[in-house]
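[1] I would like to see how this sequence folds:
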Amino acid sequence: MSGESFQSRVSSSLLKSLNLGELITSNIKDYENSAIYFANNPEKLMEIKERLLLSTKNSNTFNAKIYTKNLEKAYRQIYDRHHQNLVPENIYIN
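    Okay, the predicted model is just below:
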């Protein structure tokens, strides 16, 4: 369920990045209806599970090599900024 908490923002972001945005609900009633729908439609639940498996294999979101490369790039930027006596700021890696 989408919301303002860190967990809900992360889960919504992950679902969007895996092309499973239809699983994001905006309120408790929609969340319950979605759960009931999948409980009563096991073939649709299986379809979602298959899409999830395929998406995680094809997504950079769960690619450890790319994640590590980007994390190291961010550390280098932080290190360089520190040695240039620049104030800390958010680091964005594309």
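
[2] Could you chop the protein up by domain?
    Listed domain ranges for the chain are 1-59, 63-94 (source: automatic domain parsing).

[3] Pick the most deeply packed of these.
    domain 1-59 (a mean of 12; mean count of other CB atoms under 10 Å). No exception for glycine: its C-beta is placed from N, CA and C like everyone else's.

[4] Not counting sequence-adjacent ones, nearest residue to the residue positioned nearest the centre of the chain?
    Per CA atoms, centre = their mean, the C-alpha nearest to the average position across the chain is that of residue 14, at 1.9 Å. Spatial nearest neighbour of residue 14, excluding adjacent residues (CB to CB, 6 or more residues apart in numbering): residue 61 at 6.7 Å.

[5] roughly how far apart are that neighbour and residue 39?
    Distance of residue 61 to residue 39, computed by CB to CB, to the nearest Å: 27 Å.

[6] With residue 48 instead?
    The gap separating residue 48 from residue 39 is 12 Å, by CB to CB.

[7] now residue 78
    Applying CB to CB, the value for residue 78 to residue 39 is 46 Å.

[8] where are the low-confidence patches of the protein?
    Within the chain, no stretch has pLDDT under 70.

[9] Please enumerate the helices of it.
    Using DSSP state H, the helices of the chain run over 6-17, 28-40, 42-58, 64-83.

[10] ok, and what's touching the second one?
    Spelled out, that is helix 28-40. Outside helix 28-40, the residues within contact range by CB atoms under 8 Å, 6 or more residues apart in numbering are 1, 23, 25, 44-45, 48.

[11] same deal with stretch 45-59?
    By CB under 8 Å, 6+ apart, the residues outside stretch 45-59 that reach it are 17-20, 23, 38-39, 62.

[12] Of those, which is the nearest to residue 84?
    Nearest to residue 84 among those is residue 17, at 32.9 Å by CB to CB.

[13] burial count for the closest residue to the closest one other than its chain neighbours?
    Take residue 17 and drop its neighbours on the chain: the residue closest to it by CB to CB, 6+ apart is residue 61, 4.9 Å away. Close neighbours of residue 61, defined as other CB atoms under 10 Å, add up to 14.
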